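Colleague: Pasting the sequence and the predicted coordinates here, then a few questions.
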Amino acid sequence: SLPQCLGEAHQQCVEIRRAGKSALLGEANQNHKSKLAPKMSKFLMKGEGGAKAELRRRMEVRKYFNRADKNGDGKLTKVEWHKVLNSSGVPTTMEEVDEFFKDLDRDFDERLSFGEFLGEESHIEKIFKNMDKNGDGFVTKTEFKDVCQNLTTDQVEIAFKQFDTSGDDKLNYKEFCLMIIKREQERAAQQD
């Protein structure tokens with residue numbers, strides 16, 4: 001059954017991480033992608049039958065993902081994932097859930113979107129890659145301004161002052177994620 005498959009996938013992720021075979025998201029800016037995410041995707045989507053069968057499996061995983069997403073916001077929290085695993089007969093500690101999220105939470109918001117859950121590139125990663133013109137793993141003020149032409153130089157300076165925690169006049173992937181997440185939260189608060 002799929003709940004059992006999800007539990008097995010979770011266990012595999014925890015074991016891979018414990019064995020030191022996956023990279024942590026965080027410190028190395030250029031290596032912001034988890035090595036575990038593609039393995040998670042392949043594990044959940046593996047099987048025979050071509051594109052139609054893969055689409056059916058994806059829809060099945062989506063159905064269970066949506067059931068686990070109790071508040072319906074399109075993202076799983078650590079508590080939601082912990083509850084679904086334990087209620088599916090997969091005894092899991094919060095420490096194991098934390099490890100799982102460290103590997104799959106690609107935008108550092110402490111929640112997993114369906115795409116992140118499957119190991120797919122997040123919308124923030126796509127934006128970052130688009131801005132990082134030279135591919136060095138950083139977004140400079142010039143790169144930022146080239147893409148966000150509607151912003152003034154002062155607005156760019158303010159953003160970098162607030163989110164460039166390393167003080168190197170460029171945003172690494174984590175700093176960039178935190179900036180985008182904060183902006184998305186501010187927009188959502190204005191809509192409420």
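Modeller: Perfect, I can see it now.

Colleague: OK, contacts around the closest residue to Phe108 other than its chain neighbours?
Modeller: With sequence-adjacent residues excluded and distances taken as Cβ to Cβ, 6 or more residues apart in numbering, Phe108 is closest to Cys177, at 4.6 Å. Where you see a C-beta, it was placed from the backbone N, CA and C, and this is true even at glycine. Applying Cβ atoms under 8 Å, 6 or more residues apart in numbering, we find Cys177 in contact with 107-109, 124, 128.

Colleague: Next: Leu76.
Modeller: Contacts of Leu76 by Cβ under 8 Å, 6+ apart are 65, 68-69, 111-112, 117.

Colleague: out of the residues you listed, which are inside helices?
Modeller: Using DSSP state H, 65, 68, 117 are the members of these that sit in helices.

Colleague: And Gly137, how close does it get to Met131?
Modeller: Distance of Gly137 to Met131, computed by Cβ to Cβ, to the nearest Å: 11 Å.

Colleague: Between those two, point out the one with more neighbours.
Modeller: Neighbours of Gly137 and Met131, each counted by other Cβ atoms under 10 Å, are more numerous for Met131; the result is 18 against 15.

Colleague: and that one, what does it touch?
Modeller: 139, 143-144, 146-147, 176.

Colleague: same check, this time on Lys70
Modeller: 80, 83.

Colleague: repeat that with 7 Å
Modeller: By Cβ atoms under 7 Å, 6 or more residues apart in numbering, Lys70 lies in contact with Glu80.

Colleague: next one: Val147
Modeller: Per Cβ under 7 Å, 6+ apart, neighbours of Val147: 130-131.

Colleague: Next: Thr165.
Modeller: So Thr165 contacts Glu175 (Cβ under 7 Å, 6+ apart).

Colleague: Name the helix or strand of the chain that has the lowest mean pLDDT.
Modeller: The weakest-scoring helix or strand in the chain, judged by mean pLDDT, DSSP states H and E, is helix 36-45 (a mean of 51).

Colleague: Ranking by neighbours, what's the top pick from the contacts of Leu76?
Modeller: Leu112 (26 neighbours).

Colleague: distance of the residue lying closest to that one once chain neighbours are set aside from Val97?
Modeller: Using Cβ to Cβ, 6+ apart and skipping residues adjacent in sequence, the residue nearest Leu112 is Leu76, 4.6 Å away. Noted for Leu76: a distance of 10 Å to Val97, by Cβ to Cβ.

Colleague: how long is stretch 80-98 from one end to the other?
Modeller: Its start and end residues considered, stretch 80-98 measures 12 Å (Cα to Cα, to the nearest Å).

Colleague: Next, the buried residues of that stretch.
Modeller: 80-85, 88, 90, 92, 96-97 (16 or more other Cβ atoms under 10 Å).
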